[in-house]
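This is the structure alone, sequence omitted:
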């Protein structure tokens, strides 16, 4: 017996990917998809890859019926300001926005520049990164999605944090290279193809908001993010530069990464001796929920470079959201998420 | 109960896609994969997207065991010269090369420049385009794969041919825009990234061999192909310029295309009034077995532009090969081929 | 002694290229650049490649002073509706829009869907393609720019037309592959990077307006254009499929192309035996005013494929405009246009 | 009166760019270009953008005549092993390889894994970065070229180093994003387009040899480079993460960068408030000798992100080599290097 799931704010890229996953999910019926602007239009008018796979039409929010799980894929701020309304519709919610990611209202205000609209709800939400807190997600009714850049960074740092290799007071520099889906489905001057094509654009050299999620997830105090846009659509590659307090050997690092991820269903440790895919590569992850994590060690200086590749719309958003739903509903964690990625592409 | 399938010559791009499809196919166990050069190495050393999904290692041809279906993904010429050896291993063969696509040995010699190595086998093979001859494939033991450019062209032309709109004596010009997977997995000067990147290269303005398959499949006499390489990896878009003998109206064309494809499981007719995806677009088909077919009509001149988009490695090679296997083995034709493509990507 | 030139509507891509060429032109001083919206802002705020090369600021149209040559780079329709005003400012005008390209007001109305706003001016303008009518341009006061797709098509067809190889009644199919600068500097949904990136989009399979310029320039009656967008910014490649009335040999074609272009300063005939650049390639023409023209002959069918590559912003717009200015002013036709293009890029 | 310059090893990408610059240089005649493999073939067979601009043919090394300046663009190691031979041909040499970049033979051996073949020559060469040691280059007979990643990094770090803001003992992390021209003109598996296209490949996360040049040029001890390949051909963007010993304000940084670069003819300081080009962008520098340098300050943490964009074949190789020649020969330092780059592209 399948559950019924609906997507609020389904016209964007994350909404489209949620729908793609739910339409093929063995335990779920995709019940409704909303858009105020597009109400009455076919869902596939915005998601052409799904033509022939669904006859769903957009409905306005006012027509949404109660269901088992509600996915929120709204612009930041909208989930929080209407959370009571959404909670009345379903016992379980996965919110893909940034509204409920931070536990601390003060951190929210510092990074988002405005007091949280519904601070009492912050503690009801669980941060939806299964690799960080699977058990809590299994018990949760409300799960927040994850920031894409935060996810790539967190998955790169977590093995080292858990192994105690990182001194909280030490500087960690992380550079994330990202594709253009970062900006969402709305066009604008910065995404105009002649300008964005083949750009290497330092769009957030300092001050990116996902830093807050990284600090919260890792417990570190000095993580410094820079985000650079490159020619790519979905991928993100986080490169974290870490200086452990004491010398580590290659062998130690293998143990640390294996300990963190060997039983994770959606993390592949990648560190090969040869070939073009010796280290994590977002290129081959488009459409996949898998994250690749690997590392390099500079023995002379002791620097560890920890690297994570993801598809931002999948492991960085919709894929992880569905993975959380699987955990919340007691399904096989991997259900509906089998697509391994393509090579070449 | 699943069948056992093996892939001969599995290190290339078509071999990789066959494996991806078969590893997730509900009716198939991928038994063996061969490569002489890579024998003993993990299959994933050449197909990094499948890391974590299979522990298969390459075996040499000499170690291949009998199985239910054999897929051949060898360089052109090798399947024909050893076909007896392959036929001894399995009752059913799908050959992805060009060796058994043409029925007429004289046509083979004209287009490939050498007499066919095993002409007696030509009549045992069925041309593996389900949209053209599904019934024959269902009854076949031996099926040839299809040329990628030929498939895009054939799917664009078949509705018009079947409707009798094309005069066999009239010139049909077809231009196919293709990605770099066209050239296979072996590197060379023409695929060197600084040279191939953003090229618009007239690599076969005249004389492309797939023309022979188009003439055979359509029964036309004057189809003129040009193949132009563009910045893309997997996609192909065929644009066919056709001048029907008598005037046709938009409404007639809709009927013609619907009649040809409405019951086809892997063809989507695409002709929308608005948006970026009004006509077939290979960009959103990467990894998918779906072909998109659409048309435009110039009422002033009577020209019909018939357009088909595919993923060359899927509908143009491995996907159609698995679709043929499904037909040959009595499986659901769609089994293992559900992936709809990604948007955006 | 240099002349003074100003650019009306300089904030777009053609305006930017005009400025780049004029700033480095040995005979010209770039006097003023206009934009109503950006008046008072630095010219380089929209053309970042020129930072450090000019301190010009945008002025509104009302501040434009008389000068020797006025370049108009306005949206289509605006030049025609204010042509008297512009003519009062300078004795020589080069208009880059489509407003004055067609000689026949009826043709304008048929293709642009509205009567021409200033039909009496049509005969005062000369169509600004030097390879077509250099002598007329030398004597002209008013020159119209050229359509980028029309230019690529015209340069591909002119040698065959002049040699009398084309029967006016015969169908000629031309497919032009174009980059995203086609759409200009204004962003919109169709140019949003995640959608436009790696598209192979049939954006004008029939009915493209530049057809009118081709009919006028070639005197042919049945030229059928299709325009397909590909992953590229500036380039265009026109592939023309032509069936001469009688058989031609390779040698004849060489003579025809050499006769047409051997003394042209900005056309390179490209037809090599080997290498990646055997035929015209827009990739290596970015920033250059050179057009490459070449051909292939299918001896079996008699089809001639004539191919032309250009940079749409240069030979297809600003470059040819400056070439026309050179002719109008009696300068060396090549002045300021020496940049040969880059390889690789 | 022009000087005569020849290029040894001219078939690669750096050789091609040297030739493009020298063919249009007002003070230079390009005398000879060598390639053993291609002797007798037209120079343009490998550099198609120069077709029509030169009739030079490759000659073997044995045919090279004495000239005024010799440019060496050979594979690493070959310049050093035959330096006496080259020095006999010309009074001035600019070597684009890594052979003579390091002053200390021990450093050479540490980074290149082999003793230097001609250690006595190391002190005769001047490191050819004009922004670092213009005066020495003006007086030099022998100048080494610069590493492309080193140049982007050095230009990002030099203002801070000179201002004394960097503590030599402190860690500096630098990530360089680079295009595919990095690997040169020879094809191979790693540059095969289906693999390299849209890659975000951690090709040198640690241990890159250009680190040696950075340590030498900056006098720092702890600079940690990572090189990541992205979809791009010529560009490089270095992002340096620096933690000054004491707090700096935005205003201080402006002064530091202006002091370093305001009189540099080929460095543009880029730090705008709005638009897509607020910080350095290699996209608009293709073909140009200009470097863009800018910075961002994280006031909360004190981190300074210093950013430099270059065209690797120009400011990172051939362009700087010609700039050095201009200095060595007493020409205008900017001669032949005026091309500002293109927008959009």
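Received the coordinates, thanks. None of the values given here were measured: they were computed from a predicted structure.

Helix, strand, or coil at the most far-flung residue of chain A relative to its centre?
In chain A, counting by Cα atoms, centre = their mean, residue A:300 sits farthest out from the average C-alpha position, at 34.4 Å. Here residue A:300 takes the coil state, with states given by DSSP: H, G, I helix; E, B strand; the rest coil.

Return the residues in contact with it.
Contact partners of residue A:300, counting by Cβ atoms under 8 Å, 6 or more residues apart in numbering or on different chains, are absent. Yep, even glycine has a C-beta here, placed from its N, CA and C like the rest.

what's the spacing between it and residue D:213?
According to Cβ to Cβ, to the nearest Å, residue A:300 stands 16 Å off from residue D:213.

what's the answer for residue A:60, then?
In terms of Cβ to Cβ, residue A:60 sits 62 Å off from residue D:213.

ok, now residue A:143?
Counting by Cβ to Cβ - residue A:143 and residue D:213 are separated by 49 Å.

Compare neighbour counts for residue A:60 and residue D:213 and give me the winner.
residue D:213 (24 against 13; other Cβ atoms under 10 Å in any protein chain shown).

how far away is the more buried one from residue D:316?
From residue D:213 to residue D:316 the distance is 11 Å (Cβ to Cβ).

do the same with residue A:14
Taken as Cβ to Cβ, the span from residue A:14 to residue D:316 is 39 Å.

For residue D:213 and residue D:316, list the residues in contact with both.
D:146-147.

and the helix ranked longest in chain A, what's its mean pLDDT?
Criterion DSSP state H: the longest helix present in chain A is helix A:148-162. Mean pLDDT, helix A:148-162: 98.

Would you tell me whether whatever helix or strand comes next after that helix gets close to chain D?
Note on helix A:148-162: by DSSP states H and E, the next helix or strand toward the C-terminus is strand A:172-178. Yes - using Cβ under 8 Å from any Cβ of the partner chain, strand A:172-178 reaches chain D at A:173, A:175, A:177.

hang on, isn't the second one packed against residue D:239?
Spelled out, it's residue A:175. Yes - Residue A:175 is within contact range of residue D:239, at 6.3 Å (criterion: Cβ atoms under 8 Å).

Quickly list what's touching both of these two.
What both residue A:175 and residue D:239 touch, as defined by Cβ under 8 Å, 6+ apart, is the set A:226, A:228, D:175.

List the residues that contact residue A:32.
So residue A:32 contacts A:6-7, A:56, A:59, A:63-65, A:67 (Cβ under 8 Å, 6+ apart).

May I have the secondary structure class of it?
strand.

so which helix or strand takes in the nearest residue to it once chain neighbours are set aside?
Spatial nearest neighbour of residue A:32, chain neighbours left out: residue A:6 (4.1 Å); criterion: Cβ to Cβ, 6 or more residues apart in numbering or on different chains. Per DSSP H and E, residue A:6 falls inside strand A:3-8.

quick one, the helix or strand following that strand and strand A:3-8 angle?
Tracing the chain past strand A:3-8, the next element assigned as helix or strand by DSSP H and E is helix A:13-23. Here helix A:13-23 runs at an angle of 170 degrees relative to strand A:3-8 (axes from the mean of the first three to the mean of the last three Cα atoms, to 10 degrees).

I'd like to know which elements helix A:13-23 is packed against.
Secondary-structure packing of helix A:13-23 (3 or more Cβ pairs under 8 Å, 6 or more residues apart in numbering or on different chains; DSSP states H and E): strand A:3-8, strand A:28-34, helix A:319-329.

Can you name the residues that contact residue A:146?
A:101, A:127-129, A:154, A:213, A:316-317, A:320.

Residue A:167 now?
So residue A:167 contacts A:244-245 (Cβ under 8 Å, 6+ apart).

Then residue A:161?
Here residue A:161 is in contact with A:218-220 (criterion: Cβ under 8 Å, 6+ apart).

Turn the residues you listed into CSV, columns for pLDDT and secondary structure.
Compiled in CSV, these are given as follows (pLDDT from 0 to 100; DSSP: H, G, I helix; E, B strand; the rest coil):
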residue, pLDDT, secondary structure
A:218, 96, helix
A:219, 95, coil
A:220, 95, coil
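
does the residue in the stretch 151-300 of chain A that chain B sits nearest to belong to a helix or a strand, and which?
Distances between the stretch 151-300 of chain A and chain B by Cβ to the nearest Cβ are smallest at residue A:277, namely 3.8 Å. Assigned by DSSP H and E, residue A:277 belongs to neither a helix nor a strand.

Check residue A:239 too.
strand A:235-242.

That strand near chain D at all?
Yes - using Cβ under 8 Å from any Cβ, strand A:235-242 reaches chain D at A:235, A:237, A:239, A:241.

partners of the third one in the sheet?
Residue A:239 forms beta bridges with residue A:175, residue A:307, as assigned by DSSP bridges.

distance of it from residue D:140?
38 Å.

now the first one
Note on residue A:235: its distance to residue D:140, by Cβ to Cβ, is 45 Å.

more crowded one of those two?
Comparing residue A:235 with residue D:140 by neighbour count (other Cβ under 10 Å), the higher total belongs to residue A:235, at 27 against 21.

Tell me who's in contact with the more buried one.
A:177-179, A:282-283, A:285-286, A:309-312, D:198, D:200.

so where is the stretch 1-150 of chain A shaky, pLDDT-wise?
Applying pLDDT under 70 to the stretch 1-150 of chain A flags no residue at all.

Let me see the ranges of the strands in it.
A:3-8, A:28-34, A:58-59, A:69-72, A:92-95, A:125-127, A:142-144 (DSSP state E, counting those that start in this stretch).

Pick the most buried one from these.
strand A:69-72 (a mean of 27; mean count of other Cβ atoms under 10 Å in any protein chain shown).

Neighbouring strands of it in the sheet, and parallel or not?
strand A:3-8 (parallel), strand A:92-95 (parallel).

Just the residues contacting it, thanks.
With Cβ under 8 Å, 6+ apart, strand A:69-72 has contacts from A:3-9, A:15, A:18, A:28, A:79, A:86, A:89-90, A:92-97, A:321, A:325, A:328-329.

Nearest residue to the middle of chain A?
Note: chain A centre (Cα atoms, centre = their mean) maps to residue A:316, 2.1 Å.

That residue falls within a strand, correct?
No - if the criterion is three-state DSSP, then residue A:316 is helix and not within a strand.

can you pull the contacts of it?
A:146-149, A:151-152, A:236, A:310.
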